[in-house]
Each structure stands twice: as structure tokens, then as C-alpha cells.
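J.: I'd like to go over a predicted model; first the sequence, then the structure.
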4 protein chains.
Amino acid sequence: GQPLLLIAGPCVLQSIDLAMEIADVLVQINSRDDVNVVFKASFDKANRTSLSAKRGPGIDKGLRMLEEVGSRSGLPTTTDVHLPDQALAVGQACDLLQVPAFLARQTDLLVACAATGRPMNVKKGQFMSPEDMQYVVEKVRGSGSGGVMLCERGTFFGYGRLVNDMQSLPIMRSLGVPVVFDATHSVQRPGGLGGATGGNREMVEPLARAAVAIGTDALFFETHPKPETSPSDGANMIPLDRFEATIGRLLTLRRTITDIDSAV
Amino acid sequence: GQPLLLIAGPCVLQSIDLAMEIADVLVQINSRDDVNVVFKASFDKANRTSLSAKRGPGIDKGLRMLEEVGSRSGLPTTTDVHLPDQALAVGQACDLLQVPAFLARQTDLLVACAATGRPMNVKKGQFMSPEDMQYVVEKVRGSGSGGVMLCERGTFFGYGRLVNDMQSLPIMRSLGVPVVFDATHSVQRPGGLGGATGGNREMVEPLARAAVAIGTDALFFETHPKPETSPSDGANMIPLDRFEATIGRLLTLRRTITDIDSAV
Amino acid sequence: GQPLLLIAGPCVLQSIDLAMEIADVLVQINSRDDVNVVFKASFDKANRTSLSAKRGPGIDKGLRMLEEVGSRSGLPTTTDVHLPDQALAVGQACDLLQVPAFLARQTDLLVACAATGRPMNVKKGQFMSPEDMQYVVEKVRGSGSGGVMLCERGTFFGYGRLVNDMQSLPIMRSLGVPVVFDATHSVQRPGGLGGATGGNREMVEPLARAAVAIGTDALFFETHPKPETSPSDGANMIPLDRFEATIGRLLTLRRTITDIDSAV
Amino acid sequence: GQPLLLIAGPCVLQSIDLAMEIADVLVQINSRDDVNVVFKASFDKANRTSLSAKRGPGIDKGLRMLEEVGSRSGLPTTTDVHLPDQALAVGQACDLLQVPAFLARQTDLLVACAATGRPMNVKKGQFMSPEDMQYVVEKVRGSGSGGVMLCERGTFFGYGRLVNDMQSLPIMRSLGVPVVFDATHSVQRPGGLGGATGGNREMVEPLARAAVAIGTDALFFETHPKPETSPSDGANMIPLDRFEATIGRLLTLRRTITDIDSAV
């Protein structure tokens, strides 16, 4: 079977020391045979609930930090792009470009990211059906992309809650692209904290198991040595000291799935 | 780990010959160590989309058929109860009583089923949160039940489509009861066939895998030697000649989950 | 234009004195030219959230109370039917039979109600599209009914909240039947009170206005002299001393709609 | 009562002649006492379903066209802003800035629009609760805006369908801002046309009536002399030759609402 692609890191860049503390664990995981790790962190949280919420170091400083983490760890890196004119710089600094779910229909952003020639990970809009992601794939493929993955990160279910339609993974895969399951953001509770987004960490691994079982090419997690101090998404992160064991369990499960499918 | 409870059978009772053809496969599966099988078939489809849709043999003939299948196969049996005054007769003929999802809030039905002293499988209403199933558990426990299981069978997502919120399995399990995943009905497309309910069989095993991975005590399937001839739910059924292999794959997966969890 | 049909009363029968206190106000409203009032109260709340919740006087006592209210007030009466074998008695005691939303797909219940020859008000299931109510109409029409109305009372929107899709009124009307807007139950918050169903009375009249403006043949309200003492739905009821003024405003609005449409 | 604010125009700028043909009708409507009209057209459709879909004349040419329409008609103008660096130019050319629903959480865009000092119309994200729009108001108010309106344009309801939660109008108004009802986009059927967004024009006026009845400060419509030739949203537009009569009916309805409320 193909190795699992693991996209992981802190939610937002805070300091090089913190990033490297996390990268060290990811390097350790990356030494396993059946997983390839990409380091992910945001330079800007562009759609925070509140104006006063912390956003990150900004694009210039942030990309320098990502380059340093990539260089010191040897891991490829990824970050999210919010505006078309950010794509070129991100494409030069990072190996994989991520398009946020809220922006999954913004044509110029998709085209600008594709034009870098880098592979892209586009998160399914929380307001889109998995079938309609085919138009995203077409936009990107028609624009020179170095490949595209589609990511399930939850669909809005009423107000204030997300649901993972696990069928979205095989449906999006049937579009001819690899699929990613974003376990961290799937458990968000938008507006659940009054001016911030809540979540439920305890559901992250169970949902990731379900995603592996139904079939996913990649998993996305946020991890942090002290999640409660993260400027965002702390409620959904896996504590760093539990991260490798979590991934180990998911890889064990994935091997069984591979064995089952190869026997058919 | 606990053996998997497998609830399976044709959707509706058609003939003893057909029921026994399916039961023979189930007996074969039941001979495995890690699974216990209950034969399920309905005597009446009480909420068909259309008045003209076929409904089944009715309670008297249906319960006699279930008794004969149970007696000849040695398998315990279950069927769904639609009205409070059916509960006693069903409790005498069957080993497990099933409450349909649409009726999950009908107090008298729950109480009448509980009063038989038989264990019950209550399907989560397609319009209920998993958390709110606690009130169902309380109604049943306060009424003498011989135990209750709760079943995830999909939640309405917009019109005409169901979504499985896989979090419902651990949430309902946290209420202190075993949980069931109904793979067959989760893929229904209500109204999708114009006067009948459509579905998508290809998603049944993938969703069942996800349910096993996130953790379920029981699985529910409908199977038929010729699904296209079934009076209902044919689009969602697993063909009988593929059924044992499907269950075998799910049991393999479940062993891995058990191993992973016992190592924690 | 046709007079508005107003279906109103306390949620559940408590005492004759209370029922008559409400009926007196309804008689007053009924004296207006452009409205016909039907007194509604339940003899049993059959799907309360909790087992311990109060349910009402039961069918025998309840139907006697409804007959007395009808006789003393001169108003036609209606109540909800929960089981097929209740239909005949309800049809003898009341002028209009109501089928609860959770039970909108139970074929036997629909058929039994239709067989009384009384007109019926079937509430759209909270889990059904307005288009799919055509099958309900067909079930009823094929069974001898004295006419059927369809009622919008909210559709489940995520967990714990209902939304009124106002398009359901013209869509269901296009099935060739009169439509009802149930303003009281549309503002329920299922599970919102921990073991009971919450609500928001302030939204009742605004939603009723929207329904009148988009076009409805009937309105359904619950009213009570002391809503906070009602055994159920108190949070959603209009206080009795404000009820006639509320209806007056809605009738004024409806006359404008009639004028606008007759000028087209 | 306050005059109704009417925001209307073609969806996207095509030619000056077409824009002026529509503006002439709007000028006629604007001569009424109880309505103030703003001309709206997009210079770019930035989130079309498909890459090949037509997008408009672009910002430079588009803003010149809007200035010409404004100058010749005497009507204030508005258009949607997609990127922060477009806000300044749009603020110089137009009287009102519109933020698209998909972008309602993009902090930089909101702040850039607010910084122009122009009033803004922010559409509620199809994935947001009306209550959570308070954070949008706070972002804008904290950034120098010349006033903000919030617009209901539908919330995703399952896949491929929107629902108007009419409660969102009074809920958003309770945040202390005027509210807008976008009747045209509320009837979109995303993905409904296979690579394009479908819709249902027949529901536009009924929904607008409901919005007026529940209470709205402004209405938003798209109109076109030949909707079937519009590059986008043609299925949802009101034909221009029916537009004034439609608005007339809505103004009649609104006067009744004003009268009703002033009598309370």
C-alpha cells in the first residue's frame, strides 16, 4: 500500500523553538516506513471569529520561519494561502499549498495557487457537497497545478456544529484525486465559546480511525505541547506527548485496511 | 474483546424458503468465534412512502414465520414493533425487539416493549441528536426492560439525504448502552426514487468499516439473494452471495481495533 | 378571499374551566367575518421527552372534555391521534383529526384517520421535504378522507433547532390542498431544556406574519392564560390576554395580501 | 416608517446600455416616496462554479461603468468586494460596499472595507448562524466603518439547497443594525445545473413578502430584461418588465406592516 501522508504541526506559528519542538516529534514519526510527514503551520489566521483574536506572525516572517523549520528538520512544509497575491511567495517557501475551506470557491485564489506548480490541498467548503468539489479540481487542473488533494474537514450541520459525512472521502476520491481527512477541524464547534470556536479533542482520534477505515490517503492533525496555550484551536489539538502513539495506532489500523483490500 | 453482534436478514418477510436461504448463510457466519448472529425480518413495513407499496405478511403470519426460522436455524430473532399493542406478541415470538427510528419518541411504544422484559434495539430518530437518546434510555429503563441498545441509522441532512454522524456511536455508548450501526438504512435516499426510497449499496461496507473503526458493538445489515426483487430497500442490500465475505472483512478490522485498544 | 382557519387552544387538556376560559376568547375571535376558529387540545402528549412528563387526561376523559367544550362554545374541535385504533373515537368526538409530525409516515394511522370521513390536518414530518408530502396526500385520498390539510411546523436543522422553510407552504399548497402554519411548534428547541423541549415565544408572531405573507390558509397557535403553568410547550405559547390582538394584526395583514393578489 | 432600501440591478455588469436600461426602471421606482434605490452590479463573479464561467469586466472597467451609471441615473451604487486591496477603489467609486457571503469571516476584507468609511452590506455566510454575525459587526465597527447592514441570503440546508431561516432577520436586527433580505440568491440551488448554480424564480416574490412581513429594512433583487441571457443567476432574476409591479406589491405590504406596528 501507499504510505500515509501525515500533515501536522501547530495551528499557527508562534516561535521557532515551539515549531522545532513539534518538528522533532514529526521527524521521529517520519522515520517509519509507512508514513510521510509534512509540517504545517499558519502564518496568519485570517478568519478568526473576533477582531481581537491573535492571528500569527504574518506572511514575511511566517514564511521565513517555515523555511527554517523545513531546513532544520528536513521535512517538507505547508501553509494556508488566503489571497491570490500570496500564492507565489508561499509556493517558493513551501512544498504544498493549502486552500482554506471558506475559500474553496474563490477562483482567483485557486488559479494563483495552481500557477505556482506546487501541489495543493484544497479543503472542502463546509457548505459544499463532495460531488461539487469536482469543479474545484477542474479549476485547478486547468491552471497548471502540480497536483491536487481534497480534504474533508466537516460540513455545517445546522448552526454551530459540524458533521463529517464520511462518504465524502470515497466520493471525492472517485474524482481521481488523493483525499485528506482533517481530524482537528472536524470537531470544531463554531461560535461554541462565545467569540471563539470551541471543540472536542476526545473525538479526534475516533474520527481519524473512521476515516482510515473508510479509506483516506492523508491525515491532518494539529498538535501542540501545551494545547491550552495555543492561540487557536487548542480545544481540538492532540497533546504532543500523545501524538506519536496516536499515529502509531492509526498506522496499525491502516495496515489492516491495506491487507483486507489487497486480499479482495 | 466482546463478540460482534450481527443483526441481519431480509428487509421484510416474503416466504419461509427465502428466509431459510438467508438464515443458512447466517448460521454459517454464526459458527465463527467472534460473532453472534440475530435473524431480523419485518412482518410489516408500516411507513412505506406510498400506500400501494407492499408491506409484508402481517403480525400473525409474520411472527409464526419468525418462530419457524428461529426454530429451524437455531438463531435468535428480532423484528420491529410499530404499535404498543404488538409488543407482547412480538416479545413472545422474538428474542430482541426493535423500535423504528421514526417512533423513537413514542413513549407508549417504548414502555410496552420494555414491559415484555426482552432486550430492545431502539434506532435513533433521524431527527434526534445522539445526546437526546438518553431520554429514550431512561424511558426504557424505568419500564422494566431486559436491556437496551441504541442504533445509529443516519440523521436527516437537508431534504432527501441522510448523513451518519459517526460521533453518535461513541456519544450513545457513553450513555452506558451497547450501540448498533445500521449500515443498510444509513444509505437511504428518502424520496429519491419518486414514490419510493432510493439508496446506494456501494457505500454500505465503507460506512460499516468506519463504524467498526470508531467502535460499535453491533452491526445491522439487510441481505437478499436477489436484492432487486426485494419489496423494499433493495437498493441498499448486500447480495447474499457476498455477505459472508463482507462480514469476514469487518471482523478482521474489528480484531485490529480490539488489539489496538487492549494495548493502550 | 377565503376566511382564515384558526386552530387554537391550550396544548393539552387540563380542566374544563381552563378550556372554557380559552374557548371564550376563541368564540369572540370567531365572531369576526374573516376567520373560522377550531378549538384544539390534546388528550395525550404521546412523545414527551421524558417518561415522567405529564401527558394529559387520556382518550376517554379527554374526548368527553372536547365534546363538552364544543357543545358549550359552539366551536368545532380537533385533537391529535396517535394510534390507528384511536381514530374512530376521535372522529366521533371531533370535527377535524390531527396527525402529529413524527407520525406523518405511519400508513395505518393515516388510513384509519381517513376512514373516519373527517377532514384531517397532517403535520409535515420534521424529517420530510414538502414535496414528499404528496405521498401522504395520496395515502389519505386513497382511503376515503373528508379532505386533508398539510401543516408546516418546522424541519430539523442540525440537532436541537428547527427551521421553517417558508417555501414549504407554497410547495405543499401546489399539491392541491390547504396549508396550515403551526407557529407555536415551529419555535421549539428540542432538548433545549435538558429533559424537556424549550422554545422562544417572541418569534411566534413574526413567523406567523411571514407565513401569512407567503400565503397560508390556516394558522395554528397554542394559547394559555398562564403559559408558564402549562404542562408542555409553555415557552412557545401566546398569553391568552394578548391572543385576540395578535390574531387581529394577522388578519389585517392577510386582508392586504388578499387585496394584492386580487389586483394581479 | 422608514423608506424601504431597495438594492437592485443586473447580477453582473455586461454593457452600459443594459445597465442604463435597468437603471431607468430603478429611477422610476425611486421616485416613489417610500423607497430609496441603490443600483447594484458586480464587476467580477469571483466564485463561479466553473473556471470557464463568465466573470465580468474586471475592477477597472467595472468601476468606471458603475460611476457612469451613477452619474447618468443619479442613483447611488454598490458592488461586491472580493479582496482587501479592492476596497479603496470600490469605496471611491461606489456609495455602499457589499461583502459576499462566502467571505463574511475574512477579517482583512471586512477591515479594509470598513476603513473606506463607506457603509457596508455584509451578507451572512451560508454557514453562519445569525447570532454569530455579531462578530462581523464588531470587526467592522472596530475598524471605522460608516455603518453596516447584515443580509440574509440563505443558509445551506444539506447539500445543494438553501433555506431562509426567517428568524435571522429579527435576530440580526437585534444586533442593532439594519437588515437586508436578498431574495434572488436565497433561491439558488448550488450545483443544481451541473457546473452551474440553478434556482427558482417563482419563489423570489413569495420569500420577499415573507421577509417584509417579518420585518426587513432593505430588499435585494436582481433583475434583467432577458434573464435567460444573463451570464449568471438568470434562473433567479425577476424579468425587468415585471419588476416595478413586484416592488409595488411589496411596498403595499410594507405599509400595512408599518401601520400594524405603529398601532401597537
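T.: Sure thing, it's come through.
J.: what's near enough to touch the residue in chain A positioned nearest to chain C?
T.: Nearest residue of chain A to chain C (C-beta to the nearest C-beta) works out as A:Gly158 at 1.3 Å. The C-beta positions use only the backbone N, C-alpha and C, and glycine is treated the same way. Shown in contact with A:Gly158 (C-beta atoms under 8 Å, 6 or more residues apart in numbering or on different chains): C:157-161.
J.: against A:Glu131, how distant is it?
T.: Distance of A:Gly158 to A:Glu131, given as C-beta to C-beta, to the nearest Å: 21 Å.
J.: and if you look at A:Ala245?
T.: In this view, A:Ala245 and A:Glu131 are 36 Å apart by C-beta to C-beta.
J.: over to A:Gln106?
T.: The gap separating A:Gln106 from A:Glu131 is 19 Å, by C-beta to C-beta.
J.: ok, A:Leu110 next?
T.: 18 Å.
J.: which of the two has more neighbours?
T.: A:Leu110 (31 against 15; other C-beta atoms under 10 Å in any protein chain shown).
J.: my guess is that one meets A:Gln98, correct?
T.: No - A:Leu110 is not in contact with A:Gln98 according to C-beta atoms under 8 Å; the separation is 11.8 Å.
J.: now for those two: what residues contact both?
T.: Common contacts of A:Leu110 and A:Gln98, defined by C-beta under 8 Å, 6+ apart, comprise A:120, A:122.
J.: residue contacts, A:Gly142?
T.: D:Leu51.
J.: how far does the top helix by length along chain A sit from the chain's center?
T.: As assigned by DSSP state H, the longest helix anywhere in chain A is helix A:243-263. Its chain's C-alpha centre and that of helix A:243-263 lie 19 Å apart, by C-alpha atoms, centre = their mean, to the nearest Å.
J.: which strands and helices sit next to it?
T.: strand A:4-9, helix A:16-30, helix A:204-214, strand A:218-224, helix B:240-263 (3 or more C-beta pairs under 8 Å, 6 or more residues apart in numbering or on different chains; DSSP states H and E).
J.: please name the residues that touch the residue of the stretch 151-264 of chain A found nearest chain D.
T.: Nearest residue of the stretch 151-264 of chain A to chain D (C-beta to the nearest C-beta) works out as A:Tyr159 at 3.5 Å. Counting by C-beta under 8 Å, 6+ apart, A:Tyr159 touches A:190-191, C:157-158, C:161, D:128-129, D:131-132, D:155.
J.: near chain D at all, the host helix or strand of A:Leu63?
T.: Using DSSP states H and E, A:Leu63 maps to helix A:59-73. No - residues of helix A:59-73 contacting chain D under C-beta under 8 Å from any C-beta of the partner chain: none, with a closest distance of 11.5 Å.
J.: that helix - what's its average pLDDT?
T.: The average pLDDT within helix A:59-73 is 97.
J.: list the buried residues for it?
T.: The neighbour-count check on helix A:59-73 (16 or more other C-beta atoms under 10 Å in any protein chain shown) flags A:59, A:62-63, A:65-66, A:69-70, A:73 as buried.
J.: show me what A:Leu97 is bridged to.
T.: A:Thr79, A:Met120 (DSSP bridges).
J.: that one reaches A:Leu88, doesn't it?
T.: No - the pair A:Leu97 and A:Leu88 fails to qualify as a contact (C-beta under 8 Å) at a distance of 10.4 Å.
J.: residues from chain A in reach of chain D?
T.: Taking C-beta under 8 Å from any C-beta as the contact definition, chain A meets chain D at A:46-51, A:55, A:82-85, A:102-103, A:105-108, A:111, A:125-129, A:131-132, A:135, A:138-139, A:142-143, A:155-156, A:159-160, A:190-191, A:195.
J.: can I get the buried part of those as one PyMOL selection?
T.: To isolate the buried members of the residues of chain A next to chain D in PyMOL, using 16+ other C-beta under 10 Å:
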select buried, chain A and resi 46+47+48+49+51+55+82+83+84+102+103+105+106+107+108+111+125+126+127+128+129+132+135+138+139+143+155+156+159+160+190+191
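J.: among the residues of chain A next to chain D, which are in helices?
T.: If you go by DSSP H, those have A:107-108, A:111, A:135, A:138-139 in helices.
J.: from those, pick the one nearest D:Ser232.
T.: A:Thr107 (12.6 Å; C-beta to C-beta).
J.: so A:Phe157 makes contact with A:Val163?
T.: Yes - between A:Phe157 and A:Val163 there is a contact at 3.9 Å, judged by C-beta under 8 Å.
J.: mutual contacts of those two, please.
T.: The contact sets of A:Phe157 and A:Val163 overlap at B:157, B:163, B:165 (C-beta under 8 Å, 6+ apart).
J.: for the second one, phi and psi?
T.: I take that to be B:Val163. phi -130, psi 140 (degrees, to the nearest 10).
J.: report how many residues lie close to it.
T.: Neighbourhood size, B:Val163 [other C-beta under 10 Å]: 22.
J.: one step back: of all the shared contacts of A:Phe157 and A:Val163, which comes closest to B:Ser230?
T.: B:Val163 (24.1 Å).
J.: tally of neighbours for the residue nearest to that closest one when sequence neighbours are not counted?
T.: Spatial nearest neighbour of B:Val163, chain neighbours left out: B:Phe157 (3.9 Å); criterion: C-beta to C-beta, 6 or more residues apart in numbering or on different chains. For B:Phe157, the neighbour count with other C-beta under 10 Å is 22.
J.: swap in A:Gln92?
T.: A:Gln92, neighbours per other C-beta under 10 Å, totals 11.
J.: hmm, back to that, now the buried residues of helix A:59-73 as JSON lines including distance to C:Lys40?
T.: Shown next, in JSON lines, are these (distance: C-beta to C-beta, whole Å):
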{"residue": "A:Ile59", "distance to C:Lys40": "63"}
{"residue": "A:Gly62", "distance to C:Lys40": "63"}
{"residue": "A:Leu63", "distance to C:Lys40": "66"}
{"residue": "A:Met65", "distance to C:Lys40": "66"}
{"residue": "A:Leu66", "distance to C:Lys40": "65"}
{"residue": "A:Val69", "distance to C:Lys40": "67"}
{"residue": "A:Gly70", "distance to C:Lys40": "69"}
{"residue": "A:Ser73", "distance to C:Lys40": "70"}
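J.: closest one of the shared contacts of A:Phe157 and A:Val163 to A:Leu251?
T.: Checking the shared contacts of A:Phe157 and A:Val163 against A:Leu251 with C-beta to C-beta, the nearest one is B:Asp165 at 25.7 Å.
J.: thought the closest one was touching B:Met128?
T.: No - B:Asp165 is beyond contact range of B:Met128, at 11.0 Å (criterion: C-beta under 8 Å).
J.: just the closest residue of chain A to chain B, please.
T.: For chain A, C-beta to the nearest C-beta, closest residue to chain B: A:Ala213, 3.4 Å.
J.: picking up where we left off before, quick one: pLDDT of the residue of the stretch 151-264 of chain A closest to chain D?
T.: With respect to pLDDT, A:Tyr159 scores 90.
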